[in-house]
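Visitor: Test case, fold it:
(chains A and B)
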Amino acid sequence: MKTLEMPLKGDVTLNLENLSVSFGGLMALNDVTMSLKPNVWNGLIGPNGAGKTTLLNVLSGFLVPTGGSIHLGDENMTGQSTQNWVERGILRGFQMPRLLEGETVFVNIMLGRHRFLSSGLGAQILRLPQYMADEKRDRDACMEIAERLLLGDVLEEPISNLTFGTRRLVEIARLLAAEPKIALFDEPAAGMDPDLRHELVSILAEIQSAGKITAVLVEHDVDLVRRLCPVSHVLDAGRLIAHGATDEVLGLQQVQQAYFGVDHD
Amino acid sequence: MFNMQSVARSDGRGGPENLRHMAWVTGGCLLVFALPFILETYWLYLVGVTAVYAIAGLGLVILFGFTGQLSLAHASFFGIGAYVSAIGGVHYGLPGIVTLPIAFAICLGAGAFVGIFALRISGLRFALITLSFGELFYWASVRWSDVTGGEQGLYAEPLSVMGIDFGDPINAYFLFAALGLLATALCFRLRDSSFGRAMAATRDSELAARSSGVSVARTRYIAFVIGALFSGVAGWLFSGHVGAISPNFFDMFASLNMLVAVIIGGVKTPLGAWVGAAYLVFVPELFGMAGVSNLYPILSGALLVLIVLVLPVGIVPALQQALRHLGTSRGDKQ
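Guide: Now for the predicted structure:
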């Protein structure tokens, strides 16, 4: 099989330095410094409005930070386009699944393979051997992921026929089809019915324990964060108030105050 | 709700699907070859006009159906092709084989220029920009009367390509059938390609597109230019076939008619362009045959409303759904 050309060389750390984002007078992110180590899953927690989704937007090129810098290894990623982020294998999911409503599950998952495209439009229309080989490779990869995410039966269904939980699975399948080096999940298990949620969590756990990708997991469910993320970062009102080993971080009094509103002693 | 028995299903795109596909293609080819022996010359001529509008419609399917961009200048690109063909023939005595690349190049240039706006603007605002381009084209075609013949328009010679006279209805029919099928195949391939998925992504969810690394602006731009080229080539065929052109074939109402046609046919499927084109060409004709052609302007509106209300997805997708329904209710469930 042809090896994919990935601009990302080996395992690289993503470093955020003094990152700030302000909307008018509101500081959505305020002087955030953190580093995402290769193949580590990072919990990103904090109350609503803490800036978690804003951070994901910055880490995928959807938002240009107003201050600070982001480096992927030696490369400055500050203000790069979404395309450049995707090209380097940094991919995100959305809190509400963003899918192609008019297309099938299969087409939606295949979209994730877009970054591996090496053929021009002419080659695609003429169906030149190189393109067809790539298509086959991509189709096989999508089939495999679809099976794993329990989507094998609905591959030809249009998205508009699916339940919310299944749509979420399709989005995660699209993200995984892109073979991310760094995956950014925005509450992947929220709003799913318990059975499906259970399946999804065990799939994520499986991916995590394989140890081949870095992830940021925005999640309100503390148990889920404990299970998947050895490291966590806590945001409150745009500031990073704690980070470290998940169990320790969750035990900190200031975190409990910010997150649960519990006042011990 | 979910189970793991899905492994078998994944190869479902193999055998029987292909067979059915072959059957459709063979049936289509037989029909194409049989028509000239069945139809009288005039009806054959109308089938030719249908093919021309279908090729233009395929451009709209790519632009509007696949990519979700509304263009109100589609008839203008059609007009560019038609005028280049007619002017080249009448004023300069150029054969079709020469005017085709010229029409192609001018449509490419015009499409590339108007398309620049699609890089930043989408939806209705982009439609308005195309509208102003359309109006500009209409104005030029009326005012530049030395060349275009103004309101009176131009007579156009039948196409003659490499010694074959396409004034002959049978020759013309086969040319149009061949180009129509080629354009349709192109459209299908475009839809099923990686670029097709990129187009669908820019149409359905810009966020999904961008987060998968699709350049929304680039995709829109290319789709617009391709749409313009389809329309231009159709226009090039049009003038020689109908023999005379004038600006009102290419005004805003013509653009709207093209849009209406593909919406009726089914905007997301290449076959919809054919059904839509047939609607445009044959429905007025049927009114004429019934001797009530003056009722057409009134009833066509009502008919349109009726079709859109009853079949909001378009005729072709509705038929496909019905066929599928028939197939599953006959007992061959998976």
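Visitor: quick one, strands of chain A?
Guide: A:14-23, A:26-36, A:41-45, A:67-72, A:75-76, A:90-92, A:182-186, A:214-218, A:231-236, A:239-245 (DSSP state E).
Visitor: Also the stretch 201-334 of chain B?
Guide: Ranges of strands in the stretch 201-334 of chain B, per DSSP state E, counting those that start in this stretch, are B:244-245.
Visitor: In it, what residue comes closest to chain A?
Guide: B:Gly213 (3.3 Å; Cβ to the nearest Cβ). All C-beta atoms are positioned from the backbone trio N, CA, C, and that covers glycine.
Visitor: got a list of contacts for stretch A:226-236?
Guide: A:29, A:32, A:34, A:37, A:40-47, A:50-52, A:55, A:201, A:204-205, A:208, A:215, A:217, A:225, A:240-247, A:249-250, A:252, A:255, A:258-259 (Cβ atoms under 8 Å, 6 or more residues apart in numbering or on different chains).
Visitor: Check stretch B:281-289 too.
Guide: Contacts of stretch B:281-289 (Cβ under 8 Å, 6+ apart): B:46, B:49-50, B:53, B:293, B:295-296, B:299-300, B:303.
Visitor: Now rank the residues you listed by neighbours and give me the top one.
Guide: Within the contacts of stretch B:281-289, most neighbours by other Cβ atoms under 10 Å in any protein chain shown means B:Tyr53, with 28 neighbours.
Visitor: separation between that one and B:Phe176?
Guide: Applying Cβ to Cβ, to the nearest Å, the value for B:Tyr53 to B:Phe176 is 11 Å.
Visitor: How about A:Ile241?
Guide: From A:Ile241 to B:Phe176 the distance is 71 Å (Cβ to Cβ).
Visitor: okay, these two: which has more neighbours?
Guide: B:Phe176 (23 against 18).
Visitor: For the more buried one, which non-adjacent residue is closest in space?
Guide: Excluding the flanking residues, the one nearest B:Phe176 by Cβ to Cβ, 6 or more residues apart in numbering or on different chains is B:Ala51, at 3.9 Å.
Visitor: helix or strand for that neighbour, which one?
Guide: B:Ala51 is part of helix B:41-60 when elements are defined by DSSP states H and E.
Visitor: so where's the chain uncertain?
Guide: The chain I'm using is chain A. A:1-10, A:260-265 (pLDDT under 70).
Visitor: other chain: chain B
Guide: The model of chain B has pLDDT under 70 over residues B:1-17, B:329-334.
Visitor: one more time with 80, if that's ok
Guide: Along chain B, segments meeting pLDDT under 80 span B:1-18, B:21, B:118, B:122, B:157, B:159-167, B:293, B:297, B:300, B:327-334.
Visitor: What ranges does it have for its helices?
Guide: Taking DSSP state H as the criterion, chain B contains helices spanning B:15-38, B:41-60, B:74-92, B:96-118, B:123-143, B:145-148, B:169-192, B:194-204, B:206-211, B:216-242, B:252-265, B:270-289, B:296-310, B:315-329.
Visitor: relative to helix B:96-118, how tilted is the fifth one?
Guide: Translated: helix B:123-143. Here the directions of helix B:123-143 and helix B:96-118 differ by 140 degrees (axes from the mean of the first three to the mean of the last three Cα atoms, to 10 degrees).
Visitor: At the contact with chain B, which residues of the stretch 1-150 of chain A appear?
Guide: Counting by Cβ under 8 Å from any Cβ of the partner chain, the stretch 1-150 of chain A comes close to chain B at A:60-62, A:82-83, A:86-87, A:91-94, A:98-103, A:107-108, A:110-115, A:117, A:119, A:121, A:124-125, A:127, A:131, A:135, A:143, A:146-147, A:150.
Visitor: Mind checking which of those residues are buried?
Guide: The neighbour count (16 or more other Cβ atoms under 10 Å in any protein chain shown) marks A:60-62, A:82-83, A:86, A:91-94, A:98-103, A:107-108, A:110-115, A:117, A:119, A:124-125, A:131, A:135, A:143, A:146-147, A:150 as buried among those.
Visitor: Tell me, how many residues neighbour B:Leu306?
Guide: B:Leu306 has 11 nearby residues by other Cβ under 10 Å.
Visitor: From B:Leu259, how far out is it?
Guide: With the distance defined as Cβ to Cβ, B:Leu306 ends up 18 Å from B:Leu259.
Visitor: now what about stretch B:143-162, what contacts it?
Guide: With contacts defined as Cβ under 8 Å, 6+ apart, stretch B:143-162 is touched by B:82-83, B:85-87, B:89-91, B:95-97, B:140-142, B:165-167, B:172, B:175, B:237, B:239-247.
Visitor: Could you give me the ChimeraX syntax to select whichever of those are buried?
Guide: Filtering the contacts of stretch B:143-162 down to the buried ones (16+ other Cβ under 10 Å) takes a single ChimeraX command:
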select /B:82,83,85,86,87,89,90,96,141,142,166,172,175,237,239,240,241,242,245,246,247
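Visitor: What about chain A: which of the contacts of stretch B:281-289 touch it?
Guide: Of the contacts of stretch B:281-289, not one also sits near chain A (Cβ under 8 Å from any Cβ).
Visitor: So which of the residues you listed is the closest to B:Cys29?
Guide: Lowest distance from B:Cys29 to these (Cβ to Cβ) belongs to B:Thr50, with 17.3 Å.
Visitor: Pull up the gap between the closest one and B:Leu31, please.
Guide: 13 Å.
Visitor: got it, and B:Pro317?
Guide: 21 Å.
Visitor: Show me which of the two is the more surrounded one.
Guide: Higher neighbour count among B:Pro317 and B:Leu31: B:Pro317, with 18 against 11, using other Cβ under 10 Å.
Visitor: Pretty sure the more buried one sits against B:Leu271.
Guide: No - at 9.2 Å, B:Pro317 does not count as touching B:Leu271 under the criterion of Cβ atoms under 8 Å.
Visitor: Show me how chain A divides into domains.
Guide: A:11-89+A:180-265, A:99-177 (automatic domain parsing).
Visitor: just to revisit the earlier point, burial of the residue nearest to B:Phe176, as a residue count?
Guide: So B:Ala51, with other Cβ under 10 Å, has 28 neighbours.
Visitor: Tell me who's in contact with it.
Guide: B:176-177, B:179-180, B:237, B:277.
Visitor: A:Ala205 now?
Guide: Residues in contact with A:Ala205 (Cβ under 8 Å, 6+ apart) are A:227-228.
Visitor: so how far is A:Arg174 from A:Val86?
Guide: Counting by Cβ to Cβ - A:Val86 and A:Arg174 are separated by 12 Å.
Visitor: Quick check: neighbours shared by the two?
Guide: B:Ser212.
Visitor: buried residues in stretch A:56-72?
Guide: Residues of stretch A:56-72 classed as buried by neighbour count (16+ other Cβ under 10 Å): A:56-63, A:65, A:67-68, A:70-72.
Visitor: Equivalent analysis for stretch A:147-158, please.
Guide: A:147, A:149-155.
Visitor: now A:Gly191: how far from chain B?
Guide: 16 Å (Cβ to the nearest Cβ, to the nearest Å).
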